[in-house]
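Enquirer: Predicted structure and sequence below. I'll ask about it afterward.
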Amino acid sequence: MTNMTFYAGYLAVSLSITVWVGVTLRRNGRKFLVRTLPDDDLADTINHLLQVGFYMASVGYIAAVIRIYEPLRGAQSVLEVGLPKLGSVMLILGIVHLFNMLILARLRRGAERTTPGHAVHTPAGILGGPYHLRS
């Protein structure tokens, strides 16, 4: 296998994983943002900006680690070089996702604290009924 064939395969697999994760995060992240933010347009805008940032960071990292320094001489060397690269891409994707989730959780906590009269479900019998208003 030539190094160019490796590069093509690495890019195909890495970018496929990145796009799949990005689409999944955008689809499911929208549901979270719509419940957290005051209007749907703002939620969609923030969701799109998060996805753009996610792709920029991910593709930038993929490009930064693509270089290999020795010729590949068979399946073993392809796996020895390729798997750590793919593993590091998936690790970075996970870290970026975790970072985004921490930010969104903070946004949601802040929105819940500043929303007056927000109904909160509590177990029946506590505070006089199944629902009470938070002030």
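Expert: Arrived safely. Because the structure is predicted, anything quoted here is derived from the model rather than measured. Numbers count the residues shown, from 1 in each chain.
Enquirer: what's the distance between Val65 and Gly29?
Expert: Note on Val65: its distance to Gly29, by C-beta to C-beta, to the nearest Å, is 26 Å. Using the backbone N, CA and C atoms, a C-beta is placed for each residue, glycine as well.
Enquirer: So the two - more neighbours on which side?
Expert: Set Val65 next to Gly29 and count neighbours by other C-beta atoms under 10 Å: Gly29 wins out with 21 against 16.
Enquirer: which regions of the protein sit below the pLDDT cut-off?
Expert: 1, 111-135 (pLDDT under 70).
Enquirer: now the top helix by length along it: how far from the chain's centre is it?
Expert: Determined from DSSP state H, the single longest helix within the chain is helix 75-114. When distances are taken as C-alpha atoms, centre = their mean, to the nearest Å, helix 75-114 is centred 6 Å away from the chain's centroid.
Enquirer: buried sites along it?
Expert: Residues Val78, Val81, Gly82, Lys85, Val89, Ile92, Leu93, Val96, His97, Asn100, Leu104 are the ones in helix 75-114 that count as buried (16 or more other C-beta atoms under 10 Å).
Enquirer: What residues does the spatially most central residue of the chain make contact with?
Expert: Per C-alpha atoms, centre = their mean, the C-alpha nearest to the average position across the chain is that of His97, at 3.2 Å. For His97, the contacting residues are Val21, Leu25, by C-beta atoms under 8 Å, 6 or more residues apart in numbering.
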